[in-house]
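K.L.:
just a sequence and a predicted model for now, questions to come.
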Amino acid sequence: MQKTVSSLIAPGLLLLIFVTSPAGMLTPEVLQLPVRPDGDTSTHHDRVPWCDPYGITILLMGEDPDGRFEANLHQASRLGSRWVQLMFPAFQANHASSTLPIRDHRSPSRRVVEQAVLMARAAGFKVALHPILLIQDPSDPHWRGQLVPVHRDQWFREYERWIVSWSQLATSCGANLFYVGSELSSMQMDQQPWQRIIRRIRSEFHGPITYSANWDAWTEIPFASELDALGVNAYLPLSESSDPRLEQLIQRFLPYRSQLLEWTKQTKVPLFFSEVGYPSHDRALETPWDQHRGTRVDMETQKSGYEAFIATFSGDQQIRGILFYALHEDGGQTDRGYTPAGKPA
């Protein structure tokens, strides 16, 4: 008989149970480590104690109707979440742009973000502030992991000004965790600009800071030792099958899990999952990073992704936090997006 986590956990309780529980295991493989210019891989600052965030992401958009964020906070509370990660976008025109951010109606105002942080804290949540940079031009086939700015130095100067301004807001509002960047894979190897940005942010924000790396580029972070922990966005493709067995999905996770443990063991940098999520469509396990790829709504596929992740990583003390992705839309049985609201997951 096919073994499933749902035989052990009631439907709809997967995330409810997991976001309230710290996560333990793995086996080693040799990985690329963050290297200083002199070849030393040791930490070069006194790390702020890591905060072990377990919870869920809430998306903040400039076009959100009144009451949406408050409703998502209530949903996070029903899930038992102790943390909320507030993620919101800014934009640059295209992948070659050197100027940012540009005006876009999807970007929330500073006032909206400030109010969201304060509302979440007043409701008893710990708050991670996670600004992300996206490409505005819908005809540009690239994504933020493929930026190639014409004037790279200018891009870093403007990025620094933008991200530091959000670290100042994080300080003034009492956020508990701040992200210096997210999935900027093509820009990650520029060690010195990132060191400068991180040190500038530390002068403004005195809590833990992190960076969220894409699932296929997390070993390529030469400034990782400057962080208090490294986040990994775990959109690992698990299966192309329309009906995979749970054991097959877990087997797909296991080598990845081994790499994670070996990396954190060798670098001494704490590691956590900054995003884990599955859309509720039929291709969610093949392309978990794309909520539009599927041809039909499929709640069981979303649920099986969570089941496999939880079966693989539950109880893993080496993974120092998990933030599921994400609350935003109303959800329900006709929704093919990521939100678990109103779904079996």
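P.N.:
Received it, and whenever you're ready, just let me know what you need. Residues are numbered from 1 along each chain as shown.

K.L.:
what is the subsequent helix or strand relative to the helix or strand of the chain with the lowest mean pLDDT?
P.N.:
When each helix and strand of the chain is scored by mean pLDDT, DSSP states H and E, helix 14-18 comes last, with a mean of 58. Following helix 14-18 in sequence order, the next helix or strand is strand 54-59 (DSSP states H and E).

K.L.:
and that next one, what does it pack onto?
P.N.:
Contact here means 3 or more C-beta pairs under 8 Å, 6 or more residues apart in numbering; DSSP states H and E; on that basis strand 54-59 packs against helix 68-78, strand 83-92, strand 126-135, strand 319-327. The way it works is simple: take the backbone N, C-alpha and C, and place the C-beta from them, glycine included.

K.L.:
repeat that with 6 Å
P.N.:
Helices and strands touching strand 54-59, as assessed by 3 or more C-beta pairs under 6 Å, 6 or more residues apart in numbering; DSSP states H and E, comprise strand 83-92, strand 319-327.

K.L.:
winner for burial among those strands?
P.N.:
Per-residue neighbour counts averaged over each of these give the maximum for strand 319-327, namely a mean of 25 (mean count of other C-beta atoms under 10 Å).

K.L.:
format the helices and strands packed on strand 54-59 as JSON lines; extra columns: mean pLDDT and distance to residue 287.
P.N.:
Shown next, in JSON lines, are those (pLDDT from 0 to 100; distance: least, C-beta to C-beta, whole Å):
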{"stretch": "strand 83-92", "mean pLDDT": "99", "distance to residue 287": "20"}
{"stretch": "strand 319-327", "mean pLDDT": "97", "distance to residue 287": "14"}
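
K.L.:
residue 236: which of those strands is closest?
P.N.:
Closest approach to residue 236 among these is made by strand 319-327 (13.4 Å; C-beta to C-beta).

K.L.:
show me where pLDDT drops low in the stretch 1-150 of the chain?
P.N.:
Residue ranges of the stretch 1-150 of the chain with pLDDT under 70: 1-45.

K.L.:
try it again with 50
P.N.:
The stretch 1-150 of the chain contains residues with pLDDT under 50 at 1-13, 17, 22-44.

K.L.:
can you map out the strands along the stretch 151-300 of the chain?
P.N.:
Taking DSSP state E, counting those that start in this stretch, the strands of the stretch 151-300 of the chain run over residues 177-182, 209-214, 229-233, 271-276.

K.L.:
quick one: list the elements packing against the third one.
P.N.:
The one in question is strand 229-233. Packed against strand 229-233, as judged by 3+ C-beta pairs under 6 Å, 6+ apart, are the following elements: strand 209-214, strand 271-276.

K.L.:
partner strands of the first one, with direction?
P.N.:
Neighbouring strands of strand 209-214 in its sheet, by DSSP bridges, are strand 177-182 (parallel), strand 229-233 (parallel).

K.L.:
now swap in the last one and tell me
P.N.:
Partner strands and pairing direction for strand 271-276 (DSSP bridges) are strand 229-233 (parallel), strand 319-327 (parallel).
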